[in-house]
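A.B. asks: Pasting a predicted model and its sequence here:
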Amino acid sequence: MSLPPNDPPTGTDFIEQALIEPISSEESMLRPLSFDDFAGQPKTIERLQVMVGAARDREEPLNHILLSGPPGLGKTTLSLILGHEMGRKVSITSGPVIDKPADLAGLLTNLSEGDILFIDEIHRIPKTVEEYLYSAMEDFRIDIMIDQGPNARSVRLSLPRFTLLGATTRMGLLTAPLRSRFTLQSRLAYYDHKTLQGIIERTCGLLDVEFDTDGAAEIARRARGTPRIANNLVNFCRDYAQQRGDGVITQVMAAAALELLEIDMRGLDEMDKQVMRVMAVNYRGGPVGLGTVAVAVSEEAHTLEEVHEPFLIQEGYIQRTAQGRVLTEKGWHVIGLDPNNEDQTSQFKS
């Protein structure tokens, strides 16, 4: 994502585009192709290396794998690395695209022995389709109904031994029968600043962008622990440095660029703060339902849940309870309000 610095979107638009829109060809070029090039997630990487090594030794396909965690942390990248390490083709699709059993059958029958089928947002597969996955994953066969009414009949299709790699941002929405069919379930965590800085420096090198260490560190601090956001911020900072400076991403240049995007030192954008203000002012800090907050801030509940809420929870600004979302003391503090001072909130009610 490359944007002109004289007319950028807001920080909210920028972050949502980074995590929701399809990956561009330039971003695809930045993906690591091997475990050695992949930074961060050491536990998940070690688990995958063990599985790959064992599968190679036995000359068998990989067992099924489920990766979970917020968007932008590398789930799709890891699917491509697994394909590269195993020397197999990776077919990429997403849960919402697989609308009926015939869609799933078409994907599975086009696989070859040992291929990897990567299903992003696997929690969004319809339950009627999910049931067909069970026999495909366990027995490498699928029974499809042909025709309707009195002419309906079941046809059994044999499948090649394949690997299903599922990815989800909502592990809790997966049914127990589906989860149990994955040999490995591993969660990706937000990246620390040091690891993210290394990713940013690698990206600058691949894009032939001049930078200094402090400039890379400044981007890392504001990238919400997410490599995909970090890479997109590098692109914008590059544009800004070319237009407003000498082309070098320094700390001062990066800070100015990201302030223009309204992404603060904590990585918070205006929507994050608006969510917390609504919770504080309208609902005294909660508990309040996410749908109610979404209406108040004029945003889709799905976008808040997928893009904004995970980071706010991770950083301790809000909590998710059985009764709803609750603003923490840290959340009150970051928007400059005191939960014990009702008069202080009046400035936001207009």
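C.D. replies: Received the coordinates, thanks. Computed from a prediction, not measured in an experiment: that's the story for all the values here.

A.B. asks: Do me a favour and average the pLDDT over the helix or strand where Val155 lies.
C.D. replies: Using DSSP states H and E, Val155 maps to strand 153-158. Taken as a whole, strand 153-158 has an average pLDDT of 79.

A.B. asks: before we move on, what about stretch 196-210?
C.D. replies: Mean pLDDT, stretch 196-210: 93.

A.B. asks: can you check stretch 54-70 too?
C.D. replies: Mean pLDDT, computed over stretch 54-70, is 94.

A.B. asks: Extract the C-alpha set from it and format it as PDB.
C.D. replies: What follows is stretch 54-70 as a C-alpha-only set of coordinates in PDB (Å, rounded to 0.1, in the frame of the first residue of the first chain):
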ATOM      1  CA  ALA A  54       9.100 -35.800  10.500                       C
ATOM      2  CA  ALA A  55       6.800 -35.700   7.400                       C
ATOM      3  CA  ARG A  56       9.900 -35.500   5.100                       C
ATOM      4  CA  ASP A  57      11.600 -38.400   6.900                       C
ATOM      5  CA  ARG A  58       8.400 -40.600   6.500                       C
ATOM      6  CA  GLU A  59       7.800 -39.200   3.000                       C
ATOM      7  CA  GLU A  60       4.200 -38.400   4.000                       C
ATOM      8  CA  PRO A  61       2.000 -35.300   3.800                       C
ATOM      9  CA  LEU A  62       1.900 -33.000   6.700                       C
ATOM     10  CA  ASN A  63      -0.800 -33.600   9.300                       C
ATOM     11  CA  HIS A  64      -3.500 -31.000   9.500                       C
ATOM     12  CA  ILE A  65      -2.700 -27.700  11.200                       C
ATOM     13  CA  LEU A  66      -4.800 -24.900  12.700                       C
ATOM     14  CA  LEU A  67      -3.300 -21.500  13.200                       C
ATOM     15  CA  SER A  68      -5.100 -18.800  15.200                       C
ATOM     16  CA  GLY A  69      -4.500 -15.200  16.200                       C
ATOM     17  CA  PRO A  70      -5.300 -11.700  15.200                       C
END
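
A.B. asks: burial measure for the residue lying closest to Tyr132 once chain neighbours are set aside, as a count.
C.D. replies: Nearest residue to Tyr132, sequence neighbours excluded (C-beta to C-beta, 6 or more residues apart in numbering): Pro101, at 5.0 Å. Backbone N, C-alpha and C define where each C-beta goes, glycine included. Residues near Pro101, counting by other C-beta atoms under 10 Å, number 19.

A.B. asks: which residues sit in contact with Pro101?
C.D. replies: The contact partners of Pro101, by C-beta atoms under 8 Å, 6 or more residues apart in numbering, come to 128-129, 132, 144-145.

A.B. asks: Go ahead and build a ChimeraX selection from the buried members of the residues you listed.
C.D. replies: In ChimeraX, this line selects whichever of those come out buried by 16 or more other C-beta atoms under 10 Å:
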select :129,132
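
A.B. asks: Okay, and which of the contacts of Pro101 map to strands?
C.D. replies: Counting by DSSP state E, these place 144-145 in strands.

A.B. asks: the helices in the stretch 151-300 of the chain, which residues?
C.D. replies: If DSSP state H, counting those that start in this stretch is used as the criterion, the helices of the stretch 151-300 of the chain fall at 176-179, 193-206, 213-222, 227-244, 251-260, 270-283, 290-297.

A.B. asks: Would you convert the contacts of Pro101 into TSV that also reports distance to Ala152 and pLDDT?
C.D. replies: Output for these, formatted as TSV (distance: C-beta to C-beta, whole Å; pLDDT from 0 to 100):
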residue	distance to Ala152	pLDDT
Thr128	15	86
Val129	18	89
Tyr132	16	88
Ile144	11	75
Met145	6	70
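
A.B. asks: Give me the neighbour count for Ser34.
C.D. replies: Ser34, neighbours per other C-beta under 10 Å, totals 9.

A.B. asks: Enumerate every residue touching it.
C.D. replies: When contacts are counted by C-beta under 8 Å, 6+ apart, Ser34 touches 81, 84-85.

A.B. asks: distance between the ends of stretch 135-153?
C.D. replies: End-to-end distance for stretch 135-153: 18 Å, by C-alpha to C-alpha, to the nearest Å.
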